[in-house]
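Colleague: Prediction below, plus the sequence it came from.
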Amino acid sequence: MKPIYLDHAASTPVHLEVAEVMMKIMTEQLGNASSVHAFGRSAKKIINGARDAISSYLGCSPDEWVFTGGGTESDNLALFGAAHSRKGGHIITTAIEHHAVLHACEELEKEGYSITYLPVDQTGRVALKDLEAALRDDTFLISVMFANNEVGTVQPIEEIGRLAREKGILFHVDAVQALGSIPISLSSLPVDYMSFTAHKINGPQGIGGLYVRRGAPLHPRLYGGSQERGRRAGTENLAGAAGFAKAVELAAKGRAVRNEESLALRNRLLERLDQGIGQDSYKINGNAEHGLTHITNISFPGVRTDVMLMNLDMEGIAASSGSACTSGSLEISHVLRAMNLADDQLSSAIRFSTGLGNTSEEMEHVARKIETIFNRLRIKG
Ligand SMILES: Cc1ncc(COP(=O)(O)O)c(C=O)c1O
């Protein structure tokens, strides 16, 4: 069997239609979108066409969309952009955010801002009462991710947003993992900033976007030209923007079918695991009711994460220990730790994330291989 890629939460394959759009631009379009000549004007048209298409799918106005170099940059732009529009103050975020948010918050803390990291329950969900209890007179920003990249848990974004609005507090949402799985309508969501990236939805790597509600403060991070209305200097990534727009279009049109398919793939994996190693041999980490269907985080107590991953890799199966940034090291994930899981659950968690190209036969094959590895290592151990 050919190698099986179950790490779509880390990055997805580029859709053929996206690659075609990009190839055409890379081979046929030249010029800088800031130039006034005909080449520049046609480049500008491509950027603005992509902006129009993405904003229309997300329900915002084109001037509320800022192209960035990806999800990390979008998160940083939102947090520093809001914080640097004022002096000092209090930010509330959660203990399970992506490092793009957590490490940005650590930097802001060094600059004198104070940060509260909200706890989550054992399924990775934030409680509104904890958020309310953390509010202070000087709280100016709340940053909560839409859906978690390691366990797939979806947060009560609308409720948090309503509370933020009521209190006059800015609200940033990292929607990097939610895009393509959860319908997003920015015209009705009470959100001020929302981060996105293309490579999680079969678009290219290195391009993302930040929604900035009209009127929300945003101090720029990059200085240079006046691209993106002065909010993000630098020559635009033409092919990337057009590829991103195509990926958003495909993701929006195919969402319902894709969610059904990923649920079926997950169910197949779990059914086969039940038959093979039995339900008592593994634990699912995440929220069954509020969760992304394509991310399934499973602990196999008794078999260490790195050992399982290495054995799967030798069988040609790519899974992950959580976020790509922590998978190179053997550190226990900050997300699972915040969920307060038992030690043997923490040290044996594997993230399987499905997407374009995965089949039911692959899931059966993966379950069989897990069974072999599990039985071999458990007997040895
Ligand atoms: C929730 C979340 N936020 C931000 C990022 C960073 O996005 P990018 O890889 O485009 O910088 C990721 C990527 O793994 C993510 O999962």
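Modeller: Sure, I can see it. Numbers count the residues shown, from 1 in each chain.

Colleague: Please make it C-alpha for all contacts and neighbour counts, starting now.
Modeller: Fine.

Colleague: measure P119 to the ligand for me?
Modeller: P119 sits 17 Å away from the ligand, going by C-alpha to the nearest ligand atom, to the nearest Å.

Colleague: what's that residue sitting at in phi/psi?
Modeller: Here is the backbone geometry of P119 (degrees, to the nearest 10): phi -80, psi 170.

Colleague: Now it. Nearest residue, chain neighbours left out?
Modeller: A95 (5.9 Å; C-alpha to C-alpha, 6 or more residues apart in numbering).

Colleague: The one you found and D121 touch, don't they?
Modeller: No. Taking contacts as C-alpha atoms under 8 Å, A95 lies outside contact range of D121: 10.9 Å.

Colleague: Can you tell me which residues in the stretch 151-300 of the chain are near the ligand?
Modeller: Residues of the stretch 151-300 of the chain lying close to the ligand (C-alpha under 6 Å from any ligand atom) are D174, V176, Q177, T197.

Colleague: can you give me the helices for the stretch 251-381 of the chain?
Modeller: If DSSP state H, counting those that start in this stretch is used as the criterion, the helices of the stretch 251-381 of the chain fall at 305-314, 324-327, 334-338, 343-346, 360-380.

Colleague: Any idea which of the ones you listed gets closest to A53?
Modeller: Among the helices of the stretch 251-381 of the chain, the nearest to A53 by C-alpha to C-alpha is helix 324-327 (29.6 Å).

Colleague: picking that back up, what about A95 and D121, which has more around it?
Modeller: Set side by side, A95 and D121 show more neighbours around A95, with 23 against 14, by other C-alpha atoms under 10 Å.

Colleague: Just the pLDDT at the more buried one, thanks.
Modeller: Listed pLDDT for A95 reads 98.

Colleague: ok, it - contacts?
Modeller: A95 is in contact with L102, Y117, L118, P119, V120, H334, V335, A338, counting by C-alpha atoms under 8 Å, 6 or more residues apart in numbering.

Colleague: just K45 next, same as before
Modeller: A33.

Colleague: Next, work out how far apart it and the ligand are.
Modeller: From K45 to the ligand the distance is 24 Å (C-alpha to the nearest ligand atom).

Colleague: ok, now P217?
Modeller: Using C-alpha to the nearest ligand atom, P217 is found at 21 Å from the ligand.

Colleague: Quick check: chain neighbours aside, which residue is closest to that residue?
Modeller: A82 is the one closest to P217 (C-alpha to C-alpha, 6+ apart), at 5.8 Å.

Colleague: where are the low-confidence patches of the stretch 201-350 of the chain?
Modeller: The stretch 201-350 of the chain contains residues with pLDDT under 70 at 322-330.

Colleague: so I169 sits right up against D137, yeah?
Modeller: No. Using C-alpha under 8 Å, I169 is not in contact with D137, being 10.1 Å away.

Colleague: ok, these two, which is more surrounded?
Modeller: Each of I169 and D137 has its neighbours counted (other C-alpha under 10 Å); I169 has more, 19 against 8.

Colleague: Next, the contact list for that one, please.
Modeller: Applying C-alpha under 8 Å, 6+ apart to I169 gives the contacts T139, F140, L141, I142.

Colleague: got the phi/psi numbers for the nearest residue to L77 once chain neighbours are set aside?
Modeller: Once flanking residues are discounted, L77 sits nearest to R221: 6.3 Å by C-alpha to C-alpha, 6+ apart. R221 adopts backbone torsions of phi -100, psi -30, taken as degrees, to the nearest 10.

Colleague: going forward, begin numbering at 17 instead of 1
Modeller: I'll keep to 17 as the first residue from here, and by that count the last item is R237.

Colleague: And R237, how far from A99?
Modeller: 11 Å (C-alpha to C-alpha, to the nearest Å).

Colleague: between these two, who's got more neighbours?
Modeller: A99 (21 against 15).

Colleague: wait, what's in contact with the more buried one?
Modeller: With C-alpha under 8 Å, 6+ apart, A99 has these contacts: L124, L157, H235.

Colleague: now it: how far from the ligand?
Modeller: Taken as C-alpha to the nearest ligand atom, the span from A99 to the ligand is 19 Å.

Colleague: And the pLDDT at that residue?
Modeller: Reading off the confidence values, A99 has pLDDT 98.

Colleague: Show me how this structure divides into domains.
Modeller: 20-28+271-396, 32-266 (automatic domain parsing).

Colleague: Ends of the longest one, what's the gap?
Modeller: Criterion C-alpha to C-alpha; first-to-last residue distance in domain 32-266 is 11 Å.

Colleague: to the chain's geometric centre, what's the distance from that domain?
Modeller: Its chain's C-alpha centre and that of domain 32-266 lie 11 Å apart, by C-alpha atoms, centre = their mean, to the nearest Å.
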